[in-house]
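S.K.: Let me see the structure of the following:
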Amino acid sequence: MKRTHNCNQLNISNVNQEVTLKGWIKKIRKMGQITFIDLRDFYGITQIVVNENKQELINNLKPEYVISITGKVIERKSKNTDIPTGEIEIEVENIELINKSELTPFVIENDVEVSEETRMSYRYLDLRRQKIQNNMLLRAKVNSIIRKEFEADNFVEVETPYFGKSTPEGARDFLVPSRLNKNTFYALPQSPQLYKQLLMVSGFDKYYQIVRCFRDEDLRNDRQPEFTQLDMEMSFASAAEVQDQIEKVIKKIFLEVKGIDFKEKLIKMPFREAIDLYGSDKPDIRFDLKINTLNEIFDKTEIKLFEGFKENKLSIRGICVEELLSKKQLEILTETAKQKSFNNLAFAKFENGTWSGSIASSLSDSEKEALVKQFNIKEKATILLNVGKYDKISDMLGAVRNKVAEILNLNDPNDYKLLWIIDFPLYEWSDKESRYVAAHNPFTMPNIKSIDDFETNKEDAIADSYDLVLNGFELGSGGVRITDSEIQQRMFEAVGLDDETIEKNFGWFINAYKYGAPNHAGFAFGIDRVIMLLTHSESIRDVIAFPKNSKGIDMMNDAPSYVEDQQLTELSIKTIK
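M.R.: Numbers count the residues shown, from 1 in each chain. Here you go, the predicted model:
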């Protein structure tokens with residue numbers, strides 16, 4: 001029989017209709033001579049009633065069997081207002097077994113208590129859970145919103161290659177050996193960066209795509225070796241114009257998915273301000289807890305921990321929590337500091353004029369008075385502080401700040417705070433290579449403030465780049481591209497790339513800019529990460545249909561795996577055992 005309705009469709013208006021439903025048996029309940037079956041499909045659940053004279057139809061049926069039922073819609077005596085079909089049930093006439101199921105390794109429920117390893121090994125069963133299916137539905141909705149918004153603004157969707165050329169900048173590439181061209185390799189794209197810039201050179205005014213990207217990097221809850229991003233580029237556009245376009249799209253997503261209307265323009269915070277106040281270039285601004293520099297307060301201190309900080313060009317920095325933190329809470333925060341290579345975390349508690357804590361006995365009266373004034377302390381507080389190199393101490397206190405918010409539940413998951421971080425450093429120091437490298441990529445335009453001396457004043461040079469941040473997560477980044485050949489050459493020289501290396505890795509790309517390139521700028525944000533935050537998932541693995549685990553392994557099919565010797569031979573690769 002053909003399916004007439006899905007399991008979320010029928011209601012009181014369908015009473016007395018003959019219907020056919022198909023799906024999985026979620027639950028079987030016997031109540032005297034009557035049996036109730038909860039039938040589940042992708043859309044929802046409908047209760048099925050098997051009366052006394054039809055009991056032979058359900059002999060040997062079990063949960064997760066796939067069945068087809070035909071029957072009449074009747075009104076339920078005991079209604080369930082929690083589901084759309086809760087006012088009706090189906091009085092069964094016939095049941096057809098479509099397929100049996102073995103006992104599943106875990107119950108198909110939203111809040112199932114089972115290890116992630118088991119869930120990932122049986123991902124096809126995990127995907128039956130409504131919670132995970134809802135994540136996939138929301139993901140599809142977000143993709144649809146993105147496409148509609150960009151198409152409405154005359155962006156053209158263009159697919160770029162998966163097989164490209166490996167370049168020395170950025171994260172490690174995933175390499176694919178070529179059978180037809182011995183001893184050569186393709187690189188899977190970390191992003192379509194160079195291709196989308198070439199599309200601007202090609203005359204495509206506005207480009208976008210929802211694209212798969214690949215990076216061979218250490219994994220964590222918000223990273224996967226393969227991920228999906230919204231990628232876009234605009235010709236003749238400034239950074240502000242790109243930001244306006246992305247704001248429009250992200251605000252539309254929040255309006256349609258969460259019902260949140262961001263009416264105001266997003267704030268733009270310089271990178272240095274973010275580090276100074278929050279210790280992070282992706283600050284969570286749902287709560288205050290700003291970091292303060294306390295050098296002046298402790299200028300003549302007798303606290304041993306801070307001795308010689310001026311001579312050693314160190315900074316004393318701290319945050320103030322308007323709570324008296326417990327010993328256990330302080331231990332957790334100290335452990336957070338240790339993870340950032342600080343052996344301890346100094347603290348001082350204040351309550352109605354009385355001081356206590358690890359440095360309280362060493363505080364002078366003037367220091368106490370200055371701390372109360374600095375942090376505007378009213379009745380009680382715990383000050384957390386330490387000393388170190390500015391960037392290091394800021395990073396540590398940024399992590400401590402986030403941990404405080406977690407402990408005290410200051411980070412409301414339903415509160416969404418978006419902002420732009422701008423004026424990023426043009427370079428970052430690489431200990432591995434003992435040189436400055438491009439912080440974003442070597443094709444990012446220096447900010448107008450640094451255009452005159454960006455190759456000589458590397459420590460202070462800033463880029464015309466920008467990140468979109470949400471609740472402590474970087475959603476994506478972008479920048480204005482270099483289209484001036486002289487500036488590009490200066491940039492290559494600044495990051496130590498000689499002519500031979502440039503020609504070998506980027507010659508094909510640089511050559512395109514000889515034929516008339518428009519100024520252009522772009523952006524990309526991670527769709528997986530956006531969906532993770534919208535669904536309050538703990539990991540992006542819960543918003544990707546078939547993810548890899550934290551070691552980059554697909555637990556379901558055991559990829560990556562060894563391949564047959566014959567295939568390796570064809571690729572001129574020695575047998576691997």
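
S.K.: And for residue 27, the neighbour number?
M.R.: A count of nearby residues for residue 27, using other C-beta atoms under 10 Å, gives 15. Glycine gets a C-beta too; all of them are placed from N, C-alpha and C.

S.K.: again with the one 3 residues further on
M.R.: As a burial measure, residue 30 scores 11 neighbours (other C-beta under 10 Å).

S.K.: do the same with residue 78
M.R.: Neighbourhood size, residue 78 [other C-beta under 10 Å]: 7.

S.K.: Check the secondary structure at it for me.
M.R.: The three-state label given to residue 78 by DSSP: H, G, I helix; E, B strand; the rest coil is coil.

S.K.: Could you tell me how far the residue nearest to residue 527 when sequence neighbours are not counted is located from residue 384?
M.R.: Among residues not flanking residue 527 along the chain, residue 228 sits closest, at 4.6 Å (C-beta to C-beta, 6 or more residues apart in numbering). Using C-beta to C-beta, to the nearest Å, we find residue 228 at a distance of 38 Å from residue 384.

S.K.: These two: who's more crowded?
M.R.: residue 384 (25 against 21).

S.K.: which residues touch the more buried one?
M.R.: 318, 319, 320, 321, 333, 345, 346, 347, 397, 400, 404 (C-beta atoms under 8 Å, 6 or more residues apart in numbering).

S.K.: Return the list of strands paired to the helix or strand hosting the residue nearest to residue 527, each annotated with direction.
M.R.: Assigned by DSSP states H and E, residue 228 falls within strand 226-235. Using DSSP bridges, the strands paired with strand 226-235 are strand 206-214 (antiparallel), strand 520-526 (antiparallel).

S.K.: Return the distance of the helix or strand bottoming out on mean pLDDT in the chain from the chain's centre.
M.R.: The helix or strand of the chain with the lowest confidence, counting by mean pLDDT, DSSP states H and E, is helix 565-570 at a mean of 79. With C-alpha atoms, centre = their mean, to the nearest Å as the basis, helix 565-570 stands 38 Å off its chain's centre.

S.K.: which parts of it are buried?
M.R.: Of all the residues in helix 565-570, not one is buried under the rule 16 or more other C-beta atoms under 10 Å.

S.K.: now swap in stretch 248-265 and tell me
M.R.: Going by 16+ other C-beta under 10 Å, stretch 248-265 has these buried residues: 249, 250, 251, 252, 253, 254, 257.

S.K.: pLDDT averaged over it, what's the number?
M.R.: Stretch 248-265 shows a mean pLDDT of 96.

S.K.: Same question for stretch 278-297.
M.R.: Across stretch 278-297, pLDDT averages out at 97.

S.K.: Now that stretch: buried residues?
M.R.: By neighbour count with 16+ other C-beta under 10 Å, stretch 278-297 contains the buried residues 278-287, 289, 291-292, 294, 297.

S.K.: Which one of the residues you listed is nearest to residue 211?
M.R.: Using C-beta to C-beta, residue 282 comes nearest to residue 211 of the buried residues of stretch 278-297, at 22.4 Å.

S.K.: Let me see the contact set for the closest one.
M.R.: With C-beta under 8 Å, 6+ apart, residue 282 has these contacts: 274, 421, 467, 469, 472, 473, 474.

S.K.: Just the residues contacting the longest strand anywhere in the chain, thanks.
M.R.: Using DSSP state E to define each element, the chain has its longest strand at strand 18-31. The contact list for strand 18-31, computed with C-beta under 8 Å, 6+ apart, reads 1-7, 10, 35-41, 45-46, 48, 58, 61-73, 90, 93, 98, 101, 108, 128.

S.K.: Nearest the geometric middle of the protein, what residue?
M.R.: residue 529 (2.4 Å; C-alpha atoms, centre = their mean).

S.K.: so when I look at residue 289, I'm seeing a helix, right?
M.R.: No. Checked against three-state DSSP, residue 289 lies outside a helix; its state is coil.

S.K.: quick check, distance from the longest helix along the chain to the centre of its chain.
M.R.: Taking DSSP state H as the criterion, the chain has its longest helix at helix 130-152. Centroid separation for helix 130-152 versus its chain: 16 Å, with C-alpha atoms, centre = their mean.

S.K.: Just want the angle from it to strand 226-235.
M.R.: 20 degrees (axes from the mean of the first three to the mean of the last three C-alpha atoms, to 10 degrees).

S.K.: Just the buried subset of the contacts of strand 18-31, please.
M.R.: 5-7, 10, 35, 37-41, 45-46, 48, 58, 61, 63-65, 67-73, 90, 108, 128.

S.K.: Tell me the buried residues in the helix or strand residue 333 falls within?
M.R.: Take DSSP H and E as the rule and residue 333 turns out to sit in helix 327-339. Buried residues in helix 327-339, defined by neighbour count with 16+ other C-beta under 10 Å: 329, 330, 333, 334, 336, 337.

S.K.: the strands in the stretch 151-300 of the chain, which residues?
M.R.: 156-157, 175-177, 185-187, 206-214, 226-235, 268-270, 292-293 (DSSP state E, counting those that start in this stretch).

S.K.: Let me know which of those is the nearest to residue 77.
M.R.: When the strands of the stretch 151-300 of the chain are compared by C-beta to C-beta, strand 226-235 sits nearest residue 77, at 47.7 Å.

S.K.: any idea of the mean pLDDT in that closest one?
M.R.: Mean predicted lDDT for strand 226-235 stands at 97.

S.K.: buried set for it?
M.R.: In strand 226-235, counting by 16+ other C-beta under 10 Å, buried: 226, 227, 228, 229, 230, 231, 232, 233, 234, 235.

S.K.: so how far is it from its chain's centroid?
M.R.: Taking C-alpha atoms, centre = their mean, one finds strand 226-235 lying 15 Å from the centre of the chain it belongs to.

S.K.: cool, and stretch 312-327?
M.R.: That offset, for stretch 312-327, works out to 29 Å (C-alpha atoms, centre = their mean).

S.K.: And the contacts of it?
M.R.: Contacts of stretch 312-327 (C-beta under 8 Å, 6+ apart): 289-295, 297-298, 306, 308-309, 333, 347, 349, 351, 375, 377-378, 380-390, 393-394, 397, 400-401, 404, 408.

S.K.: Neighbours of residue 435, how many?
M.R.: If we define neighbours as other C-beta under 10 Å, then residue 435 has 13 of them.

S.K.: What's opposite it in the beta bridge?
M.R.: Beta-bridge partners recorded for residue 435 (DSSP bridges): residue 430.

S.K.: Quick one: residues contacting it.
M.R.: Each residue near residue 435 by C-beta under 8 Å, 6+ apart is listed here: 429, 495, 496.

S.K.: so the last one, which of the three states?
M.R.: This means residue 496. Applying three-state DSSP: residue 496 is coil.

S.K.: For burial, what's the neighbour tally of it?
M.R.: 13.

S.K.: Likewise for the second one?
M.R.: Close neighbours of residue 495, defined as other C-beta under 10 Å, add up to 20.

S.K.: didn't it look like it was pressed against residue 441?
M.R.: No. Using C-beta atoms under 8 Å, residue 495 is not in contact with residue 441, being 9.9 Å away.

S.K.: Can you mark which positions in stretch 100-120 are buried?
M.R.: Residues 108, 119, 120 are the ones in stretch 100-120 that count as buried (16+ other C-beta under 10 Å).
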